[in-house]
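Enquirer: Below is the sequence, then the predicted model.
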Amino acid sequence: MPSRSWLLTLPIAALLCAGPALAASKTAEWKSGTMEAKGVVRSVDTTARTIAVEVAKKSETFRLDDASTITREGSKAPLMLSDLKPGEHLRLRYTKTNGEMTAREVVVMPTRTASHARSKRGK
């Protein structure tokens, strides 16, 4: 009988170990080669149609094209590239071709204020 319990334990252990690795790989890839990044706007160049974003302590430049969309979280109203300001938090879905990252979807995320962060810690 002990051999049967061992046979059940092995696949369950394998699934538990593989779960986090599978979830991590799906976080970066959204669908069909589109990846996701979160970061803070460092600069906006409306002429070149690019956004410099600090992602994981590294500056990345994302190009926007005619198919790119910019919105605020919770709103479907489109924003202009010129509406983006340094310091704003973004979530970007982008593709990478020949080393160039093209933003497909840019979402401006709400910025937490210092007083909001303090009130959360106090609870």
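Expert: Structure's in. What do you need?

Enquirer: What ranges does the chain have for its helices?
Expert: According to DSSP state H, the chain carries its helices in the segments 2-28, 114-122.

Enquirer: biggest strand in the chain, by residue count?
Expert: The strand of greatest length in the chain, counted in residues with DSSP state E as the criterion, is given as strand 58-72.

Enquirer: Count residues in the vicinity of residue 106, would you?
Expert: Residue crowding around residue 106 was assessed by other C-beta atoms under 10 Å; the count is 23. Quick note: C-beta positions are derived from backbone N, CA and C, even for glycine.

Enquirer: how about it, what does it touch?
Expert: With contacts defined as C-beta atoms under 8 Å, 6 or more residues apart in numbering, the neighbours of residue 106 are 51, 62, 64, 68-71, 84, 90-92.

Enquirer: Name the member of those residues with the most neighbours.
Expert: Compared across the contacts of residue 106, residue 51 has the highest neighbour count, 27 neighbours, by other C-beta under 10 Å.

Enquirer: That one pairs with what?
Expert: In this structure, residue 51 has beta-bridge partners residue 44, residue 62, where bridges are defined by DSSP bridges.

Enquirer: Find me the pLDDT at it, would you?
Expert: Each residue has a pLDDT score; the one for residue 51 is 98.

Enquirer: Check the spacing between it and residue 85 real quick.
Expert: To residue 85, residue 51 is 11 Å away according to C-beta to C-beta, to the nearest Å.

Enquirer: sorry, back to before: mind putting the contacts of residue 106 in CSV, distance to residue 77 included?
Expert: Conversion of the contacts of residue 106 to CSV gives the following (distance: C-beta to C-beta, whole Å):
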residue, distance to residue 77
51, 19
62, 21
64, 17
68, 15
69, 11
70, 10
71, 7
84, 14
90, 16
91, 17
92, 18
